[in-house]
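Student: what would the 3D arrangement of this be:
(2 chains)
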Number of protein chains: 2
Amino acid sequence: MSKQTKPTILVVNDDGVTAPGIKALMGVMKELGRVVVVAPDSPQSGMGHAITIGKPLRLDKVNVYEGIEAYACSGTPVDCVKLAVNTILKGKKPDLCVSGINHGLNNSINVLYSGTMSAAVEGGIEKIPSIGFSLDDYTMQADFSHCLKWVKQLAQQVLKNGLPLGTVLNVNFPSGNGIKGIKICRQADAKWAEEFEQRIDPYKRPYYWSSGVFELNETGEDTDCWALANGYASVVPVQFDMTAHHAIPLLNSWEF
Amino acid sequence: MSKQTKPTILVVNDDGVTAPGIKALMGVMKELGRVVVVAPDSPQSGMGHAITIGKPLRLDKVNVYEGIEAYACSGTPVDCVKLAVNTILKGKKPDLCVSGINHGLNNSINVLYSGTMSAAVEGGIEKIPSIGFSLDDYTMQADFSHCLKWVKQLAQQVLKNGLPLGTVLNVNFPSGNGIKGIKICRQADAKWAEEFEQRIDPYKRPYYWSSGVFELNETGEDTDCWALANGYASVVPVQFDMTAHHAIPLLNSWEF
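Tutor: Below you'll find the model as predicted:
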């Protein structure tokens, strides 16, 4: 591929511009094209599809990765994608948008809460082929090395084939070595069973810490939860048309 | 219906516990059951499915509505639903969760950005029949009176019939009088075409204001955008399984 036709790759995340996960992702993408990094200036885990309304955004060029055009943004992961497309790239769409690699899984219902996946979804809304990557390790010492071969293969496939309009990929990796391969999956039926621990502050006022337990409601072998539990990387195609089309006839039978 | 069997109705929103929209919604729900209000202590528009991670939450009982059990929460709309279900109602699920009435539309792609709809979706994840209501008027002076008849009918239908598991309702009302009726719709294909205006602060540093223009990409007459433009209230069944099931065979044909 000549220099002129090198693809432009937008790299975003939700753990912040200095997180080891985005550095690992950027390292792979450098081999595939021209990389532009736009990431939050502080961690934004659990921000879902939040956008900043009613206050302005900051966007600063940062020299943290040698030879890479990188920006830190005061907003959410979705804000980062919007600013990247509209202000930094001035409306010239990148050929690929990759988000992550997240420190922690975003499988199953986590697709809704995840800033990593919401950034990828925002890329999809902008009609950019987009992938979110996440690893089953929440720590900042996470080792991403065993994922990089698969990250590269998936990015190459998407650069070559594109993705169906309205679809992005949610890719999750098990931790540790020996990934058995890739499984194309559906989102497992699961939820967080929340508990809130009440404590009392020094001023005698209560406050609450949330601690959730992930609760899997099914045993299907075509789900992302099954794939990860069995040593595979899971790939779920995700759409942002949230219409429950199957429920329309039922609702039409109601009387108003 | 005897007092013992009165349904419990959880009322949430994203505009904050004192917004006129939640007061209007609560007024209708009082006629249908026992009402518990849990809403953010400040406006949380555009928060999507964000949750609070890594810092504690505050939850305070407030006496703003006579005879109504109401709480203000420092977190997001989704946090409000989680705290309501797990801490206030102590795991005893309400019979209905209603969110809104939002000051401003949440039709089409806005379902992703909307705190109002994300709260309803969180209700659905908790297996509570849930509805989000929104009005096409962003002002705090919005007049909700023409919507209330439809809000009541929809809530009564959902209390009577329930909703298919994994499905919640996204209801949007046009502003002004003379709603022609209800249309069951799909989510229209649309997006926000963002523009960011750069300004310079007194310290000579740039900042950015986002100003989006809603861009409808289709003319389908079965969409929420069409219904609203033609004087109907739109009702979209929304699911939180985001799997693009139709894309799975294509991805299985890729080589890894």
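Student: now A:Leu250: phi and psi?
Tutor: The phi/psi pair for A:Leu250 (degrees, to the nearest 10) reads phi -60, psi -50.
Student: and A:Leu159, by the same measure?
Tutor: Main-chain dihedrals, A:Leu159, degrees, to the nearest 10: phi -60, psi -40.
Student: hang on, it packs against A:Asp95?
Tutor: Yes: under the contact definition of C-beta atoms under 8 Å, A:Leu159 touches A:Asp95, with a separation of 6.3 Å. The way it works is simple: take the backbone N, C-alpha and C, and place the C-beta from them, glycine included.
Student: between these two, what contacts are shared?
Tutor: Common neighbours of A:Leu159 and A:Asp95, using C-beta atoms under 8 Å, 6 or more residues apart in numbering or on different chains, are A:Pro7, A:Gly33, A:Pro129.
Student: in strands, which of those fall?
Tutor: Applying DSSP state E to the shared contacts of A:Leu159 and A:Asp95, no entry is found in strands.
Student: by neighbour count, which of those wins?
Tutor: In terms of neighbours by other C-beta atoms under 10 Å in any protein chain shown, the shared contacts of A:Leu159 and A:Asp95 top out with A:Pro129 at 25 neighbours.
Student: circling back: A:Leu159 and A:Asp95: which is more packed in?
Tutor: Using other C-beta under 10 Å as the criterion, A:Leu159 and A:Asp95 rank with A:Asp95 on top: 18 against 15.
Student: residues in contact with the more buried one?
Tutor: Contacts of A:Asp95 (C-beta under 8 Å, 6+ apart): A:Pro7, A:Thr8, A:Ile9, A:Gly33, A:Ile128, A:Pro129, A:Leu159.
Student: distance of the last one relative to A:Glu221?
Tutor: Between A:Leu159 and A:Glu221 the distance is 30 Å, computed by C-beta to C-beta, to the nearest Å.
Student: now do the strands in the stretch 101-250 of chain A.
Tutor: A:130-135, A:167-173, A:182-184, A:190-200, A:206-216, A:233-239 (DSSP state E, counting those that start in this stretch).
Student: relative to B:Pro43, which of these is closest?
Tutor: Across these, B:Pro43 has its closest neighbour in strand A:206-216 (21.0 Å, C-beta to C-beta).
Student: mean confidence for that closest one?
Tutor: Strand A:206-216 comes out with an average pLDDT of 94.
Student: enumerate the residues of the stretch 1-150 of chain A near chain B.
Tutor: A:43, A:45-54, A:56-59, A:76, A:78-79, A:82-83, A:85-87, A:109, A:111-113, A:118, A:121, A:125-126, A:150 (C-beta under 8 Å from any C-beta of the partner chain).
Student: now, the residues you listed that are in helices?
Tutor: Judged by DSSP state H, the subset of those located in helices is A:Val78, A:Asp79, A:Lys82, A:Leu83, A:Val111, A:Leu112, A:Tyr113, A:Ser118, A:Val121, A:Ile125, A:Trp150.
Student: most neighbours out of the residues you listed, which is it?
Tutor: A:Ser118 (32 neighbours).
Student: and the pLDDT for the residue lying closest to it once chain neighbours are set aside?
Tutor: Counting by C-beta to C-beta, 6 or more residues apart in numbering or on different chains, A:Ser118 lies nearest to A:His49, which is 4.2 Å off, once chain neighbours are set aside. pLDDT recorded at A:His49 is 97.
Student: and what of A:Lys3?
Tutor: 49.
Student: now swap in A:Glu195 and tell me
Tutor: What the model reports as pLDDT for A:Glu195 is 89.
Student: got the contact list for it?
Tutor: Residues near A:Glu195 by C-beta under 8 Å, 6+ apart: A:Ser210, A:Ser211, A:Gly212, A:Val213, B:Asn86.
Student: what is it paired to in the beta sheet?
Tutor: In this entry, A:Glu195 is beta-bridged to A:Ser211, by DSSP bridges.
Student: the nearest residue to A:Asn110 once chain neighbours are set aside: how many residues sit nearby?
Tutor: What sits nearest to A:Asn110 in space, not counting adjacent residues and going by C-beta to C-beta, 6+ apart, is A:Met117, at 7.5 Å. The local packing of A:Met117 (other C-beta under 10 Å) involves 34 other residues.
Student: cool, and A:Glu126?
Tutor: A:Glu126 is flanked by 22 other residues according to other C-beta under 10 Å.
Student: now A:Arg34: how far from chain B?
Tutor: Separation of A:Arg34 from chain B (C-beta to the nearest C-beta, to the nearest Å) stands at 22 Å.
Student: list the beta-bridge partners for that residue.
Tutor: Bridge pairing for A:Arg34 (DSSP bridges) gives the partners A:Thr8.
Student: might one say that it is in contact with A:Ile9?
Tutor: Yes: with contact defined as C-beta under 8 Å, A:Arg34 reaches A:Ile9; the gap is 6.8 Å.
Student: who touches both of the two?
Tutor: Jointly contacting A:Arg34 and A:Ile9 under the rule C-beta under 8 Å, 6+ apart is no residue at all.
Student: and those two? Which one has more around it.
Tutor: A:Ile9 (24 against 15).
Student: re earlier: so what's the residue nearest to A:Ser118 up against?
Tutor: Neighbour list for A:His49: A:Val78, A:Ser118, A:Val121, A:Glu122, B:Gly48, B:His49, B:Ala50, B:Leu112, B:Tyr113, B:Ser118 [criterion: C-beta under 8 Å, 6+ apart].
Student: ramachandran angles for it?
Tutor: When quoted as degrees, to the nearest 10, the phi and psi of A:His49 stand at phi -90, psi 30.
Student: which one is A:His146 nearest to, not counting chain neighbours?
Tutor: Excluding the flanking residues, the one nearest A:His146 by C-beta to C-beta, 6+ apart is A:Asn177, at 5.0 Å.
Student: surely that neighbour and A:Cys147 touch.
Tutor: No: the pair A:Asn177 / A:Cys147 is not scored as a contact, 10.3 Å apart, by C-beta under 8 Å.
Student: the more surrounded of the two?
Tutor: When A:Asn177 and A:Cys147 are compared on other C-beta under 10 Å, the one with more neighbours turns out to be A:Cys147, at 26 against 8.
Student: in chain A, where is pLDDT below threshold?
Tutor: Applying pLDDT under 70 to chain A flags residues A:1-4.
Student: pretty sure A:Asp201 contacts A:Tyr208?
Tutor: No: under the criterion of C-beta under 8 Å, A:Asp201 makes no contact with A:Tyr208, lying 11.0 Å away.
Student: more neighbours: which of these two?
Tutor: A count of neighbours by other C-beta under 10 Å puts A:Tyr208 above the other of A:Asp201 and A:Tyr208, at 22 against 10.
Student: my read: A:Gly176 touches A:His146, true?
Tutor: Yes: A:Gly176 lies in contact with A:His146 (C-beta under 8 Å); the separation is 7.3 Å.
Student: neighbour count winner among these two?
Tutor: A:His146 (16 against 11).
Student: surely the more buried one meets A:Lys180?
Tutor: No: using C-beta under 8 Å, A:His146 makes no contact with A:Lys180, being 11.6 Å away.
Student: roughly how far apart are the residue nearest to A:Lys152 when sequence neighbours are not counted and A:Ile9?
Tutor: Distance criterion C-beta to C-beta, 6+ apart; nearest residue to A:Lys152, sequence neighbours excluded, is A:Val28 at 5.0 Å. Plainly put, A:Val28 is 10 Å away from A:Ile9 if you go by C-beta to C-beta.
Student: next one: A:Lys152
Tutor: Distance from A:Lys152 to A:Ile9, by C-beta to C-beta: 12 Å.
Student: could you do A:Lys160 as well?
Tutor: 14 Å.
Student: overlap in contacts of these two?
Tutor: With C-beta under 8 Å, 6+ apart, A:Lys160 and A:Ile9 have no common neighbours.
Student: still on that earlier bit, quick one: the residue nearest to A:Lys152 is in a strand?
Tutor: No: judged by DSSP: H, G, I helix; E, B strand; the rest coil, A:Val28 forms no part of a strand; its state is helix.
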